[in-house]
Structures are given as C-alpha cells and as structure tokens.
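> quick one, what's the 3D model for this:
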Amino acid sequence: MRVAGVMSGTSLDGVDVAIVDIIGEARFRTVATDGGPYPKAVRQALLGVSNTVTHVAAVSRLNFQLGEIYAQRVLRCCKKAGIDPKSVQLIGCHGQTIYHEGMKPVNTLQIGEAAVIAERTGIDVVSNFRERDIAAGGLGAPLVPLFDVLLFRHARIGRVALNLGGIGNITAIPAGADVDGVLAFDTGPANMVMDQLVTRYTRGLETYDRGGKIAAKGRVDVRLLDELLRDPYFKKAPPKTAGREQYGGEFLERMMLSGLEIEDLVATATAFTAETVAMAIRLAGKRLGAEFAELIVGGGGAKNACLMRMLGERTGLRVMDTAKFGVDSDFKEAIAFALLAYRMVRGRPGNVRRATGAAHPAVLGKLTRAGRF
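Model (predicted):
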C-alpha cells in the first residue's frame, strides 16, 4: 500500500511529508519526501495558541487552515516526485500539537482538519492517533517506538533509537528484544529550547542553530546546566511525556535571567539536551537490566554536529544517523506515522504499552473517508 505520512512537530519548524510503499509489518520503500517551514504568519499564530491562554476562534481557524496546508504539501510532494496522487491510497497525518498534558487527567489536542485534507486530495486520512492510547490509560506519547522496534532491533546488539524533534524521546531496545521487551519515553527538550533561544536573539531571522555553529562558539555554563538538570522530571520513572508546557516561554525566561551571551546560552542548552538523553539511557538500562552499544539518531537534531558530538561524549555509545538504515533523519517521524496509519486500516495496534503506559494494545487513529457519494 502506498501511504503518505505528514508530520509537524512541537518545534513548529514546519511540515514533513514522506510517501512510502509499505509491504507487510515492517518493510517499506521511501518513494518521495518533501519538507518546508510553515509560513511565518502561521507559525506565529501557532505559537499564539500553543500552551497558552487564547480564543477558541483562533484554534478553530487554524484547525481548518492547517488542513489546507497539509493537503497542499502532500500534493506538492507528489508533483515534485512525478507521482500521480491517485496512486496514494492513504494519508497518516499527526497534526499539530497545541497542547499535551502528560499528568492526570491526561489530555491532548492536535489540529489540522482531516476532512479538509481528504476533500482536497481525494485520499482517505487517518488522524488523531494519540487519543485512543490515552483512552486506554496511556499518556498518548511517544508513538514512534513501534517503528523503532520493527526497524532497529538486533539479535545481538543493544540499541537506543533517539528522536530529536522539539522534544526528545528514546526507545531502548535490548539485544533480541521484541515489542514487549523495550522501554520508551520522552527525555525532555531536544531542539525546543535551542530553537527558542536562536529565534529570540535573531528576532526571527533564524529559527534554529544551523549545524550547531552557534553552540560550537560558546561555552557551557556548568552552574546553569546543573540547575536545569535538577528538574524532577529527569528522575521520574517512565512512562512519562514532556511538551511545550514544560519547556516553553517560562523555561526560556528562566535561562535568560542568567545574563549569559547567546553563544553560551545555546551551548548550555545543547549540553542540556545531550545530558538529559544520557540520563534517560542510564535510567532505561537500569530498569531493563540491559546494556547498549549504539545510539541511532533521527529528527532535525541529527543535523546539529555539536549536539551529535556531545551525545557521543556524554553517552559513551557509538552514535549514528538513521540514514545508515535507509531512513532520512528529517523524515523519520513522517514515515512512522505512515506506518501507524497503515496499521490502523489493517486493524493492527500502534502503541507500545511500556512506552505510553496504556493498559492494552490499541488501534490508533480516526479514519476520514474521501470521495463523493
């Protein structure tokens, strides 16, 4: 089945589309990919409704506007690759998270109207993946672990799959483990804090630390880093999930009160991400009674050379990009949601209980049919 996955993460950096041919449980071939930022006005509007006091009208308008954008991006991807949109049988759209609360009562909200996507593309759409896991007693996140296990497990090598989007999450996969033998959870902020710092200091001219060049010029402030690491979240037992409500504007203001120069702030934020990943890996190893040799990194953070270097230093693992396994790191999550959509229409569960804490496996997503009757 040919499926398009659409992903827009908590960093609000844009929309990624991956079109894949899925064969069986875990085999797939990437046919086309396309990514690009949100229009600046849309990104600002999303920041205005994400984990903040807002008006229902603003959320409703963005819900429909994002549906139009997601549909346009799928069709654009098809056009650029010379693919007939009619050959795409399904779209899996994560939507844009504007609120996610990982504490009781757990709740979540993603926007991007699936009916608009289906109407504009003529393709069936699976959306709203997180709600069913929450209804089953889970946290609704992370949802990429199933993809990680199917793709990266190894009979003799313990591996950790790390996704570096706005929020970081790991899937710890002991050697020879199956889906029930892994552990997955959010590590804390990945790119989110770094991105906010760069956006603030460049007044929006840049929205991320390209290649880690700003961090490479700075000095890690050990005192500030130690203060940030005292957050009780990092010692909390999984399952656990993090989001913009924890590491958004208030967290940024706390960092800026240090008075550090931008290079030192970004360097410290980068070290913060790397150290929280290392802490998470140690926690997972202890709980699983397992050792790991390899760290497989996907997401936008994999392009940050300074962060990748720090990850190697602080984890002591062999660090590699998902590209080694045939997965472009920029599109890993888009591919993962294509796979989750495929599993939904096949009636197959998409959550990993030891990742989300759900009481049972659940078929994730809501199906919106295309076509006129």
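
> now do the contacts for the nearest residue to residue 366 once chain neighbours are set aside.
Leaving out its chain neighbours, the residue that sits closest to residue 366 by Cβ to Cβ, 6 or more residues apart in numbering is residue 128, at 4.6 Å. To be clear about C-beta, it is placed using only N, CA and C from the backbone, and glycine gets the same treatment. By Cβ atoms under 8 Å, 6 or more residues apart in numbering, the contact set of residue 128 is 95, 110, 114, 365, 366.

> can I get the residues you listed in CSV including neighbour count, pLDDT and secondary structure?
Shown next, in CSV, are the contacts of residue 128 (neighbours: other Cβ atoms under 10 Å; pLDDT from 0 to 100; DSSP: H, G, I helix; E, B strand; the rest coil):
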residue, neighbour count, pLDDT, secondary structure
95, 25, 97, coil
110, 21, 96, strand
114, 25, 98, helix
365, 26, 98, coil
366, 13, 98, strand
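
> poorly predicted segments of this structure, please.
372-373 (pLDDT under 70).

> care to break it down by domain?
2-141+332-368, 145-325 (automatic domain parsing).

> please enumerate the strands of this protein.
2-7, 15-23, 27-36, 90-93, 96-101, 107-111, 124-127, 159-164, 167-173, 183-189, 294-298, 318-321, 366-368 (DSSP state E).

> which strands or helices does the last one pack on?
In this structure, strand 366-368 makes packing contacts with helix 114-121, strand 124-127, judged by 3 or more Cβ pairs under 8 Å, 6 or more residues apart in numbering; DSSP states H and E.

> just these: most buried one?
strand 124-127 (a mean of 26; mean count of other Cβ atoms under 10 Å).

> chain center to that strand: distance?
Distance of strand 124-127 from the chain centroid (Cα atoms, centre = their mean, to the nearest Å) equals 19 Å.

> note down every partner strand of it and its orientation.
strand 90-93 (parallel), strand 366-368 (antiparallel) (DSSP bridges).

> which one of the ones you listed is the most hemmed in?
Ranked by mean neighbours (mean count of other Cβ under 10 Å), the strands paired with strand 124-127 are led by strand 90-93, with a mean of 28.

> pull the residues that contact that one.
1-6, 70, 74, 112, 114, 117-118, 121, 123-127, 129, 337-342, 344-345, 365.

> just the CA atoms of it, as CSV, please.
Taking Å, rounded to 0.1, in the frame of the first residue of the first chain, the C-alpha atoms of strand 90-93 are listed here in CSV:
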residue,chain,number,x,y,z
LEU,A,90,-3.9,6.6,2.4
ILE,A,91,-2.5,9.6,4.4
GLY,A,92,-1.4,9.4,8.0
CYS,A,93,-1.4,12.9,9.5
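
> what sits against the nearest residue to residue 34 once chain neighbours are set aside?
Among residues not flanking residue 34 along the chain, residue 77 sits closest, at 3.8 Å (Cβ to Cβ, 6+ apart). If you count contacts by Cβ under 8 Å, 6+ apart, residue 77 has them with 4, 17, 19, 32, 33, 34, 83.
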